[in-house]
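Student: predicted model and sequence follow; I will ask about them next.
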Amino acid sequence: MSKQLTAIAAALLLGAGVGGAVGAAVALESDSEPAVQPAVANLPVSQMTSSTAALYKRAKDAVVEVHASTGGSQDSPFEGQTPGEATGSGFIIDKEGHIVTNQHVVDNAQSVQVEFSDGTEVDAEIVGTDPSTDVAVLDVDRPESDLTVLQFAPTGALEVGNPVVVLGSPFGLEGTLTTGVISAVGREIQSPNGFTIENAVQTDAALNHGNSGGPVLDMQGRVVGIAAQIRSDSGGSDGVGYAVPGDTAKRVAAALIADGKIEHAYLGVSLADDGAAKLESVRPNSPASRGALRTGDIVIEVDGKRIETGDELRNEIDARKPGDELELKVRRGSQELDVTVELGTRPATAQ
């Protein structure tokens, strides 16, 4: 897709650490109330500053710094991920001590430690990871009374121009706050295993190495995204940052907590960049090839629902589970054909 960031130089994970190791983190959980912030944007500067300061005081104790000792070699498509200690950000998601962070910060980790805002550092257990969405869940043993939890707002309620606040540890400077707005929604970024993360949130809030995984908050202090990547020619903050959408992180983290893993539905096609759900290629021995889909087919319906774009097709697949059947209507030349496809399980890496 034209919107997808596939060039390594254009999409850097945000991390800091020994040997330039990449760090990061994410979050999950809680009641999903609608995000309503437009009135905040109209506040006088003095009130906006006061509101931001109050938000920081409420949220700062939920944000942690994550240190992962990787030890061995790593094979990552992202610049800067080398053996050593990866440092990033994360935040507490429930009173059981679960913390969400990016998968790439704990990839191949031999040990993980979490540092809280009061300076306490504890060992963390990796509950589960998902390289397809760059989400991982950690677990720490700490009294409930010492745990501050952040809640999620639905990503679908975001609007361009909504003010946001980002908390994290750029360059290891824990407890750092930066501010900005939602610059765009519905972006696409590339996950560590090469698949597309849909509906990413773009912000102009300053993000730097070590910020990755810090919560992107609306002005009510709810998580709307998790800082993950920057687009930069310099390697530093150029005002174009990307966050894994909160809805995605919440769904994936819940599955990891429940089962220690998550499986994604898989069709096995690549889509053309012309907007329509046109199959640019069909992978051999994939669910698509077994369902008799062909290169050049245009999907126009899924289970009776009209499909106009490749993004809509991807969203329909993401909403399913492996083993689900899809009733597709495709346009092939001048014909319209009905095709039944049984979705498979997404492989470990994009092919």
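Tutor: Great, that's in hand. Just so it is clear, the model here is predicted, and its values are computed rather than measured.

Student: first-to-last residue distance for stretch 203-212?
Tutor: Stretch 203-212 has an end-to-end distance of 13 Å (Cα to Cα, to the nearest Å).

Student: list the contacts of stretch 268-282.
Tutor: With Cβ atoms under 8 Å, 6 or more residues apart in numbering as the contact definition, stretch 268-282 has outside contacts at 1-2, 283, 286-289, 293-300, 307-310, 312-314, 344. Where you see a C-beta, it was placed from the backbone N, CA and C, and this is true even at glycine.

Student: pLDDT of that stretch, averaged?
Tutor: For stretch 268-282, mean pLDDT is 90.

Student: just to be sure, residue 250 is in a helix?
Tutor: Yes. Assignment of residue 250 by DSSP: H, G, I helix; E, B strand; the rest coil places it within a helix.

Student: circling back: so of the contacts of stretch 268-282, which ones are in strands?
Tutor: Secondary structure from DSSP state E places 298-300, 344 of the contacts of stretch 268-282 in strands.

Student: turn those residues into JSON lines, columns for pLDDT, neighbour count and distance to residue 332.
Tutor: Shown next, in JSON lines, are the ones in strands among the contacts of stretch 268-282 (pLDDT from 0 to 100; neighbours: other Cβ atoms under 10 Å; distance: Cβ to Cβ, whole Å):
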{"residue": "298", "pLDDT": "97", "neighbour count": "20", "distance to residue 332": "8"}
{"residue": "299", "pLDDT": "97", "neighbour count": "27", "distance to residue 332": "11"}
{"residue": "300", "pLDDT": "97", "neighbour count": "16", "distance to residue 332": "11"}
{"residue": "344", "pLDDT": "96", "neighbour count": "19", "distance to residue 332": "22"}
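
Student: and residue 250, how close does it get to residue 178?
Tutor: 23 Å (Cβ to Cβ, to the nearest Å).

Student: revised request: answer the last question for residue 139.
Tutor: Using Cβ to Cβ, residue 139 is found at 28 Å from residue 178.

Student: likewise residue 153?
Tutor: Here the distance between residue 153 and residue 178 works out to 19 Å (Cβ to Cβ).

Student: ok, those two, which is more surrounded?
Tutor: Comparing residue 153 with residue 178 by other Cβ atoms under 10 Å, the one with more neighbours is residue 153, at 25 against 22.

Student: that one touches residue 224, doesn't it?
Tutor: Yes. Contact criterion Cβ atoms under 8 Å: residue 153 and residue 224 qualify, at 5.3 Å.

Student: where do the strands sit along the stretch 201-350 of the chain?
Tutor: Assigned by DSSP state E, counting those that start in this stretch, the strands in the stretch 201-350 of the chain fall at 215-217, 223-230, 241-245, 265-266, 269-271, 279-282, 298-302, 305-306, 325-332, 335-342, 344-345.

Student: what's the closest of these to residue 192?
Tutor: strand 223-230 (10.1 Å; Cβ to Cβ).

Student: make sure residue 257 is actually in contact with residue 128.
Tutor: Yes. Between residue 257 and residue 128 there is a contact at 7.5 Å, judged by Cβ under 8 Å.

Student: can you tell me how far the residue positioned nearest the centre of the chain is from residue 147?
Tutor: Centroid-nearest residue in the chain: residue 244, 2.3 Å away (criterion: Cα atoms, centre = their mean). Going from residue 244 to residue 147 by Cβ to Cβ gives 22 Å.

Student: where does the protein have its least confident helix or strand?
Tutor: helix 38-41 (a mean of 40; mean pLDDT, DSSP states H and E).

Student: state the number of residues packed around residue 94.
Tutor: Residue 94 has 16 neighbours, counted by other Cβ under 10 Å.

Student: mind checking the backbone torsions on it?
Tutor: phi -160, psi 170 (degrees, to the nearest 10).

Student: span of stretch 202-215 from start to end?
Tutor: 13 Å.

Student: what is the three-state secondary structure of residue 55?
Tutor: Per three-state DSSP, the local secondary structure of residue 55 is helix.

Student: report how many residues lie close to it.
Tutor: Neighbours of residue 55 under the rule other Cβ under 10 Å: 20.

Student: surely it is in contact with residue 218?
Tutor: No. Counting by Cβ under 8 Å, residue 55 sits too far from residue 218 to count as a contact (9.1 Å).
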